[in-house]
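S.K.: give the three-dimensional model of this entry:
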Amino acid sequence: MSEVGLGLFGGKDKPSVEWGWTHYEKAVDFNNSINLYDTVKTNENFYIGKQWEGVQANGLPTPQFNMLKRVCGFTVANLVSDNIKMAASPQESFPQDDKLIDPVRIINEEFETLAEQNRLPALAKECARDGAVRGDGCVYTWWDEKADGSPASKKKKGRIRSEMVENTRVFFGDPNNRRVQDQPWIMISKRETVRAARKCAMENGVEDWDQIMGDDETNAMDSVKEVDDKVTVVLLFWKDEDTGEVWCYKFCHSHVIKEAWNLNIRLYPIVWFNWDYVADCYHGQAMLTGLIPNQLFVNKAWACSMLSIMRTAWPKFVYDNTRIKHLDNRVGGAIGVPGNVDNAVKALDTGHIEPQVFQYISAAVSQTEECLGATEAALGEGKAYNTSAILSLQKAASTPQELTKQVLYQQIEDLARIYLEFMAEYYGERVVDMPLTDEMRAMFEQQAALTAEVGLPPQEIPQTAPVPFDFSMLKHHPFSVKIDVGASSYYSEIASLQTLDNLLLNGHINVVQYLERIPDGNVAGRRKLIDELKQQMEEQQAMMQQQMAMEQQAAATGEIAENDAREEQKSTGYKELGEALRSVERRQ
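M.R.: Below is the predicted model:
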């Protein structure tokens with residue numbers, strides 16, 4: 001069998017513009033075959049309140065009571081309301097994992113920085129919202145080499161960035177498989193101005209960059225948007241079959257914008273979230289898709305009720321137009337008929353709407369909300385007759401979303417693994433704070449002693465020192481990434497704080513030990529405070545040692561004086577005894 005037929009790009013090592021654009025159009029055709037673009041457009045309209053889009057009302061009422069937005073907002077808030085924190089730890093099977101304590105601490109601190117820079121809680125909310133409305137959520141991560149890097153970086157600059165990408169702009173090489181890392185290739189499309197595409201091509205050394213022209217958008221989602229001076233730019237990702245490293249290729253419909261380059265990471269920089277799985281399809285099912293018929297029923301029922309009220313709620317008058325030439329009552333209107341109408345004028349009874357209509361409308365809304373867990377107890381509308389019962393009902397109401405919540409947390413964990421890949425490749429050597437080693441502490445103590453000898457103010461010995469750290473070591477040491485999420489993490493922080501408080505109050509630990517063990521974020525400037533307290537403790541310990549030495553010296557001096565007094569007393573006694581003996585001898 002020829003190996004040419006097994007090649008990803010038709011026997012070539014790198015893709016071409018023709019190959020890329022052909023497969024892009026096939027991927028768009030697949031999305032059209034499952035009616036993705038129309039479904040997403042309809043769901044977005046119903047979510048934002050454009051629920052009568054395309055309906056010719058002809059002056060009739062078009063009411064909307066947007067229960068979908070309320071239910072969707074409640075469900076999304078329930079998914080992302082818990083605390084989310086990424087944390088790395090060495091694998092248990094790795095030998096001498098005690099040597100990885102400081103690298104793990106550095107990685108976890110970098111995770112916190114990335115979560116703040118990329119607004120991880122907002123990304124999680126947007127991902128859950130897109131999943132509920134569109135069916136899928138996607139987070140794309142890349143290395144922004146033009147951004148200002150960490151000031152502690154010596155060689156490489158730039159930042160890791162993450163952004164949301166609509167599911168209508170993401171295409172999998174195997175559309176029947178939803179697993180990202182198993183894909184033969186992945187494409188991400190984007191509409192850019194022709195000027196931006198030409199500038200990017202020129203910066204990347206493309207000779208005919210000025211030949212890039214705008215195109216007509218084939219994506220139905222963009223058919224009503226501005227297409228003048230716009231071009232569809234596609235990013236193509238694939239993995240090298242020999243090294244497993246991810247490559248990227250940027251092109252448009254007629255020109256290459258950037259030749260293929262190696263990202264030097266082993267994971268696709270894409271996180272894919274399905275709200276609900278669909279068999280043999282990488283796109284999921286949106287929550288709103290199955291609820292739109294319910295919303296349509298409520299809107300139409302209210303529209304018909306309003307129309308009936310407008311036409312029959314006010315009384316109408318019937319009069320004999322042979323006897324009364326003109327009669328009008330502008331609210332309900334008057335109808336003239338020939339003949340006797342009971343003394344010429346008669347009022348007709350108003351129409352009545354069946355009460356069951358409003359019962360059905362209310363039942364449709366309440367049943368829709370309850371099926372999605374948005375009950376009165378969960379929404380806080382129930383009467384608190386019993387606190388425990390209310391909490392139990394709220395917990396039971398959130399149970400249907402637990403499976404979706406776990407899937408979302410798994411995607412955040414995958415995002416943390418992608419961050420590790422980018423750290424290992426692009427961070428290089430950066431200066432970080434590390435605890436002092438014995439050699440460094442001895443050096444600082446020697447400098448302090450020399451400073452004291454020349455009469456300068458005493459030099460403080462720091463607890464940490466800036467040390468260069470090579471992040472490329474992450475390529476050679478396996479790490480497991482876990483996600484601390486949910487009310488349990490809140491509870492664990494509270495429980496640990498209470499335990500540490502009791503240990504401190506009972507005198508089992510000191511303040512420094514307390515501060516070193518409290519969860520991060522509870523005390524501002526904790527590390528500086530620990531250094532200051534350690535410095536004070538060292539000074540107090542030095543003073544105590546000096547005082548003990550003085551007391552020992554004083555005690556030794558007192559003992560010598562006492563011995564001298566005893567010896568003097570003994571010599572005085574011996575002298576008196578000698579004089580007494582000599583006086584006795586003289587008498588004799």
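
S.K.: so what pairs up with the closest residue to F422 other than its chain neighbours in the strands?
M.R.: Counting by CB to CB, 6 or more residues apart in numbering, F422 lies nearest to I160, which is 4.9 Å off, once chain neighbours are set aside. To be clear about C-beta, it is placed using only N, CA and C from the backbone, and glycine gets the same treatment. Judged by DSSP bridges, the bridge partners of I160 are W143.

S.K.: surely I160 touches Y140?
M.R.: No. Counting by CB atoms under 8 Å, I160 stays clear of Y140, with 11.6 Å between them.

S.K.: domain boundaries for the protein, per the record?
M.R.: 14-50+64-80+93-291+400-451+468-484, 314-350, 486-523, 539-588 (automatic domain parsing).

S.K.: which of the ones you listed is buried the deepest?
M.R.: Most buried of the domains of the chain by mean neighbour count (mean count of other CB atoms under 10 Å) is domain 14-50+64-80+93-291+400-451+468-484; its value is a mean of 17.

S.K.: the residue nearest to F422 and S254, how far apart?
M.R.: 32 Å (CB to CB, to the nearest Å).

S.K.: pull up the gap between the residue nearest to F422 and N506, please.
M.R.: Going from I160 to N506 by CB to CB gives 45 Å.

S.K.: tell me the helix or strand right after the helix or strand of the chain with the lowest mean pLDDT.
M.R.: When the helices and strands of the chain are compared on mean pLDDT, DSSP states H and E, helix 387-398 comes out lowest with a mean of 52. Next along the chain after helix 387-398, taking DSSP states H and E as the criterion, comes helix 402-422.

S.K.: and whichever helix or strand comes after that following helix, C-alpha only, in PDB?
M.R.: With elements assigned by DSSP H and E, the helix or strand that comes after helix 402-422 is strand 429-435. Provided in PDB are the C-alpha atoms of strand 429-435 (Å, rounded to 0.1, in the frame of the first residue of the first chain):
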ATOM      1  CA  GLU A 429      13.800  31.600  32.300                       C
ATOM      2  CA  ARG A 430      12.100  34.000  34.700                       C
ATOM      3  CA  VAL A 431      13.000  35.400  38.000                       C
ATOM      4  CA  VAL A 432      10.800  34.200  40.900                       C
ATOM      5  CA  ASP A 433      11.000  34.400  44.700                       C
ATOM      6  CA  MET A 434      12.400  31.300  46.200                       C
ATOM      7  CA  PRO A 435      13.200  30.500  49.900                       C
END
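
S.K.: now strand 429-435: mean pLDDT?
M.R.: For strand 429-435, the per-residue pLDDT values average out at 76.

S.K.: for the record, mean pLDDT for the helix or strand hosting E109?
M.R.: Element membership for E109, per DSSP H and E: helix 101-117. Across helix 101-117, the average pLDDT comes to 86.

S.K.: pull the residues that contact it.
M.R.: Residues external to helix 101-117 that are found in contact with it (CB atoms under 8 Å, 6 or more residues apart in numbering): 84-90, 120-121, 159-161, 416, 419-420, 423, 432, 434-435, 469, 473-474, 477, 479, 520.

S.K.: let's go with 6 Å and repeat that
M.R.: M86, A87, A88, I160, Y419, V432, M434 (CB atoms under 6 Å, 6 or more residues apart in numbering).

S.K.: swap in stretch 186-196?
M.R.: 24, 169-172, 214, 229-237, 268.

S.K.: make it 7 Å
M.R.: 24, 27, 140, 165, 169-173, 212-214, 222, 229-237, 268, 270 (CB atoms under 7 Å, 6 or more residues apart in numbering).

S.K.: which residues touch L263?
M.R.: Per CB under 7 Å, 6+ apart, neighbours of L263: E245, V246, W247, C248.

S.K.: again, only this time at 6 Å
M.R.: V246, C248.

S.K.: quick check: L235 is in a helix.
M.R.: No. Applying DSSP: H, G, I helix; E, B strand; the rest coil, one finds L235 to be strand, outside a helix.

S.K.: let's verify the nearest residue to it once chain neighbours are set aside: helix, strand, or coil?
M.R.: Nearest residue to L235 in three dimensions, chain neighbours excluded: I188, at 4.6 Å (CB to CB, 6+ apart). Secondary structure, three-state DSSP: I188 is strand.

S.K.: where's I188 relative to K405, distance?
M.R.: From I188 to K405 the distance is 26 Å (CB to CB).

S.K.: for T42, same thing?
M.R.: Going from T42 to K405 by CB to CB gives 26 Å.

S.K.: got it, and Q51?
M.R.: Distance, Q51 to K405, by CB to CB: 28 Å.

S.K.: where does pLDDT dip in the stretch 451-588 of the chain?
M.R.: Under the criterion pLDDT under 70, the flagged ranges of the stretch 451-588 of the chain are 451-465, 483-496, 519-522, 524-526, 556-588.

S.K.: which residues of it fall in helices?
M.R.: All helices of the stretch 451-588 of the chain, identified by DSSP state H, counting those that start in this stretch, fall at 487-505, 511-517, 526-587.

S.K.: tell me who's in contact with W21.
M.R.: Taking CB under 6 Å, 6+ apart, one finds H253 in contact with W21.

S.K.: which element is it on?
M.R.: helix 17-33.

S.K.: now do the next helix or strand after that helix and helix 17-33, the angle between them.
M.R.: Using DSSP H and E, the next helix or strand after helix 17-33 towards the C-terminus is helix 36-48. Counting by axes from the mean of the first three to the mean of the last three CA atoms, to 10 degrees, helix 36-48 lies at 60 degrees to helix 17-33.

S.K.: from the contact counts, what lies against helix 36-48?
M.R.: In terms of contacts (3 or more CB pairs under 6 Å, 6 or more residues apart in numbering; DSSP states H and E), helix 36-48 is packed against helix 120-134.

S.K.: mind giving me the packing neighbours of the helix it packs on?
M.R.: Counting contacts by 3+ CB pairs under 6 Å, 6+ apart, helix 120-134 is packed against helix 36-48, helix 67-80, strand 136-144.

S.K.: residues in contact with that helix?
M.R.: 40, 43, 47, 72, 76, 79-80, 137, 139, 164, 167, 273, 275, 286-288, 408.

S.K.: okay, that helix in PDB with CA atoms only?
M.R.: Once non-C-alpha atoms are left out, helix 120-134 reads as follows in PDB (Å, rounded to 0.1, in the frame of the first residue of the first chain):
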ATOM      1  CA  LEU A 120     -11.300  32.900  34.200                       C
ATOM      2  CA  PRO A 121     -14.700  33.400  36.000                       C
ATOM      3  CA  ALA A 122     -16.000  35.500  33.100                       C
ATOM      4  CA  LEU A 123     -14.700  32.900  30.600                       C
ATOM      5  CA  ALA A 124     -16.500  30.100  32.500                       C
ATOM      6  CA  LYS A 125     -19.700  32.200  32.500                       C
ATOM      7  CA  GLU A 126     -19.500  32.900  28.800                       C
ATOM      8  CA  CYS A 127     -18.700  29.300  28.000                       C
ATOM      9  CA  ALA A 128     -21.700  28.100  29.900                       C
ATOM     10  CA  ARG A 129     -23.900  30.800  28.400                       C
ATOM     11  CA  ASP A 130     -22.800  29.800  24.800                       C
ATOM     12  CA  GLY A 131     -23.400  26.200  25.700                       C
ATOM     13  CA  ALA A 132     -27.000  26.900  26.900                       C
ATOM     14  CA  VAL A 133     -27.900  29.100  24.000                       C
ATOM     15  CA  ARG A 134     -25.800  27.800  21.100                       C
END
